[in-house]
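Chemist: From the sequence below, what's the structure:
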Amino acid sequence: RVLALLAGGATTARAARDLGLTRDGVTYHLRRLSARWEAANRTELVARAYALGVLRPGVWPPAPAE
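Modeler: Next up, the predicted model:
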């Protein structure tokens with residue numbers, strides 16, 4: 001869900017509000033995913049999520065794959 005919000009243009013603060021987490025909590029998840037997928041930045045992280053099938057292409061707003 002963090003990636004879907006990010007792909008939709010949400011800031012860290014907005015994602016935290018929507019998910020009921022702290023900004024540090026959202027940042028923690030993004031750092032873990034970035035390390036796992038070797039993504040240099042958030043744009044690359046979102047691109048990898050689409051490439052790996054974690055996010056569904058052609059769906060707006062972005063949503064996790066089921």
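
Chemist: Tyr28 versus the residue in the chain sticking out farthest from the centre, what's the distance?
Modeler: Summary for the chain: using C-alpha atoms, centre = their mean, the residue whose C-alpha lies farthest from the chain's mean C-alpha position is Gly58, with a distance of 16.2 Å. For Gly58, the distance to Tyr28 under the criterion C-beta to C-beta, to the nearest Å works out to 30 Å. Bear in mind the C-beta positions are built from the backbone N, C-alpha and C, glycine included.

Chemist: on that earlier part again, and the residue farthest from the centre of the chain, how far is that from Ala65?
Modeler: Relative to Ala65, and taking C-beta to C-beta, Gly58 is found at 12 Å.

Chemist: Please identify the buried residues of stretch 18-30?
Modeler: Buried residues in stretch 18-30, defined by neighbour count with 16 or more other C-beta atoms under 10 Å: 21, 26, 29-30.

Chemist: Could I get the contacting residues of the closest residue to Arg56 other than its chain neighbours?
Modeler: In space, not counting the residues next to it along the chain, Arg56 is nearest to Ala65; the distance is 5.0 Å by C-beta to C-beta, 6 or more residues apart in numbering. Contact partners of Ala65, counting by C-beta atoms under 8 Å, 6 or more residues apart in numbering, are 53-56.

Chemist: Share the number of residues neighbouring the closest residue to Leu21 other than its chain neighbours, please.
Modeler: The shortest distance from Leu21 to any non-neighbouring residue, by C-beta to C-beta, 6+ apart, is to Ala15 (7.7 Å). As a burial measure, Ala15 scores 23 neighbours (other C-beta atoms under 10 Å).
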